[in-house]
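> Here is the input, now give the coordinates:
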Amino acid sequence: DYRVKIYKTERYDKINSAFAYGGIDLTAATIEENFGIPIHYYSIINFKGFQDLVGALGGIDIDVEKDISFSDRITGTTFKLSEGTQTLSGIEALNYSRYRSDGEGDFGRMRRQQQVVGSIAEQTLSFRSVPKLTKIYQAVENNFKTNVNFTDITLLALKLRSMGSEGIEVIP
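Numbers count the residues shown, from 1 in each chain. Here you go, the predicted model:
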């Protein structure tokens, strides 16, 4: 939610708005221009693909940090999670990672998103996910875009699996 100058415009807006204005190309250029970070590769997954991926994994194990209750805009229902370790479904994982109605706002939301992505990465790269590879592929094939070729994705997955989740550094 950083407010930045959108690349090649006079407009200042939230950085995520660059995607709405010009897709991944404008987003990458805006990041490069504002932060000096070259973006060579990208991956994008939509909400449906995210939910389907978590479903294909059989849910993800998360230690929910606090009781959560709010009105879910996607399903129009009240969403509730209790504190503690549990297996979240796709919609639960999505809502948990999007929740920002506590005193922490976006900072808490970013931490929860990192927790969810870490759990997905760990569970996707584990040996228990091998029988689920077809379901995982089907979950993301129409809901995922990347400019990383299949060979590089395979090599990266093998490297991440041998490294484990403790080898992944998260920069808040």
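> pull the CA atoms of the helix or strand where residue 159 lies into PDB?
Using DSSP states H and E, residue 159 falls within helix 150-163. Provided in PDB are the C-alpha atoms of helix 150-163 (Å, rounded to 0.1, in the frame of the first residue of the first chain):
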ATOM      1  CA  PHE A 150       9.100 -24.600 -16.900                       C
ATOM      2  CA  THR A 151      12.700 -25.800 -16.700                       C
ATOM      3  CA  ASP A 152      13.700 -22.900 -14.400                       C
ATOM      4  CA  ILE A 153      10.500 -23.500 -12.200                       C
ATOM      5  CA  THR A 154      11.500 -27.100 -11.900                       C
ATOM      6  CA  LEU A 155      15.100 -26.300 -11.000                       C
ATOM      7  CA  LEU A 156      13.900 -23.700  -8.500                       C
ATOM      8  CA  ALA A 157      11.500 -26.200  -6.900                       C
ATOM      9  CA  LEU A 158      14.200 -28.700  -6.500                       C
ATOM     10  CA  LYS A 159      16.500 -26.200  -4.900                       C
ATOM     11  CA  LEU A 160      13.800 -24.900  -2.600                       C
ATOM     12  CA  ARG A 161      13.000 -28.500  -1.500                       C
ATOM     13  CA  SER A 162      16.600 -29.300  -0.700                       C
ATOM     14  CA  MET A 163      16.900 -25.900   1.100                       C
END
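> How about the contacts made by the residue nearest the centre of the chain?
The centre of the chain sits closest to residue 117, judged by Cα atoms, centre = their mean, with a distance of 5.3 Å. Contact partners of residue 117, counting by Cβ atoms under 8 Å, 6 or more residues apart in numbering, are residue 97. To be clear about C-beta, it is placed using only N, CA and C from the backbone, and glycine gets the same treatment.
> For the protein, give me the ranges with low pLDDT.
Scanning the chain for pLDDT under 70 picks out 127-130, 161, 163-172.
> can you map out the helices along it?
17-35, 47-56, 90-98, 105-124, 133-140, 150-163 (DSSP state H).
> for those, which one sits closest to residue 72?
helix 90-98 (5.8 Å; Cβ to Cβ).
> Format the CA atom coordinates belonging to that closest one as PDB.
Listed next in PDB are the C-alpha coordinates belonging to helix 90-98 (Å, rounded to 0.1, in the frame of the first residue of the first chain):
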ATOM      1  CA  GLY A  90      -8.700 -22.300   0.500                       C
ATOM      2  CA  ILE A  91     -11.300 -19.600   1.400                       C
ATOM      3  CA  GLU A  92     -10.100 -19.700   5.100                       C
ATOM      4  CA  ALA A  93      -6.400 -19.200   4.000                       C
ATOM      5  CA  LEU A  94      -7.400 -16.400   1.700                       C
ATOM      6  CA  ASN A  95      -9.500 -14.600   4.300                       C
ATOM      7  CA  TYR A  96      -6.800 -15.100   7.000                       C
ATOM      8  CA  SER A  97      -4.200 -13.600   4.700                       C
ATOM      9  CA  ARG A  98      -6.400 -10.700   3.800                       C
END
